[in-house]
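>>> Build me a model:
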Amino acid sequence: MTKQSAYIETTVIGHLTGRILDDPIIAGRQRVTRLWWPDALARYDLFVSTIVADECSAGNADAAKERLEIVNSLVFLPASPLIDELAAELIGKHAVPATEPRDALHIAVAAVNGIEYLVSWNFKHIVNPNTRARIERVCEGCGYAPPMICTPDELLES
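As a prediction, the model looks like this:
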């Protein structure tokens, strides 16, 4: 049986590594991500991009090293002009704010490469009903099947 594909956005890697935070909502998301991860490794072909690696390399050196160990264990999707074009459309058609070009690139990388799921904890610019609908319309308008945008808990098998 062929595994489904999932693009792992930076926030998932951040929730997977490091210490559990005091904020109960964030801590819950961290625990869910850590519970989901072994299942994800078994059930999905997991992909990242150089954008994820760049974002994960920022901040505290020890924390960045831990994040990059996870990122570098996954398959990197290639960059292409088509990704840049779709990201520009996502911003130009207000599916993603112009202030968040990396979020547009995450979505474009997944869509252009035909990835089935984009997994994220970014509720502000990626994972919310209004954003999802706009993203889907722009991707489809540009000839791409949009990835199913979701959080780790939405993919967690019980």
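>>> So what touches the helix ranked longest in the chain?
Taking residue count as the measure and DSSP state H as the definition, the longest helix of the chain comes out as helix 24-43. Residues from elsewhere that reach helix 24-43, judged by Cβ atoms under 8 Å, 6 or more residues apart in numbering: 3-4, 6, 8, 12, 15-16, 20-21, 46, 119, 121, 151-153, 155-157. C-beta coordinates here come from the backbone N, C-alpha and C atoms, glycine included.
>>> With stretch 50-58 instead?
For stretch 50-58, the external contacting residues (Cβ under 8 Å, 6+ apart) are 8-10, 13-14, 64, 67-68, 70-72, 76, 79, 102, 105-106, 109.
>>> Narrow those to those in strands?
8, 76 (DSSP state E).
>>> and the closest residue to H15 other than its chain neighbours, how many neighbours?
What sits nearest to H15 in space, not counting adjacent residues and going by Cβ to Cβ, 6 or more residues apart in numbering, is T33, at 4.0 Å. The number of residues packed near T33 is 23, by other Cβ atoms under 10 Å.
>>> can you pull the pLDDT of T33?
Turning to T33, the model gives it a pLDDT of 97.
>>> any weak-confidence spans in the protein?
Counting by pLDDT under 70, the chain contains low-confidence residues at 1, 158.
>>> of the contacts of stretch 50-58, buried ones?
Those of these that meet the buried threshold are 8-10, 13-14, 64, 67-68, 70-71, 102, 105-106, 109, by 16 or more other Cβ atoms under 10 Å.
>>> from these, which two are the most distant?
A64 and V109 (20.8 Å; Cβ to Cβ).
>>> hang on, the earlier thing: what is the distance between the longest helix of the chain and the centre of its chain?
Centroid displacement of helix 24-43 relative to its chain, using Cα atoms, centre = their mean, to the nearest Å, is 14 Å.
>>> With stretch 92-108 instead?
The offset between the C-alpha centroid of stretch 92-108 and the centroid of the whole chain comes to 13 Å, using Cα atoms, centre = their mean.
>>> And that stretch, end to end?
Counting by Cα to Cα, to the nearest Å, you get 13 Å between the two ends of stretch 92-108.
>>> Give me the buried positions along it.
Those would be 95-96, 100-108, for stretch 92-108 by 16+ other Cβ under 10 Å.
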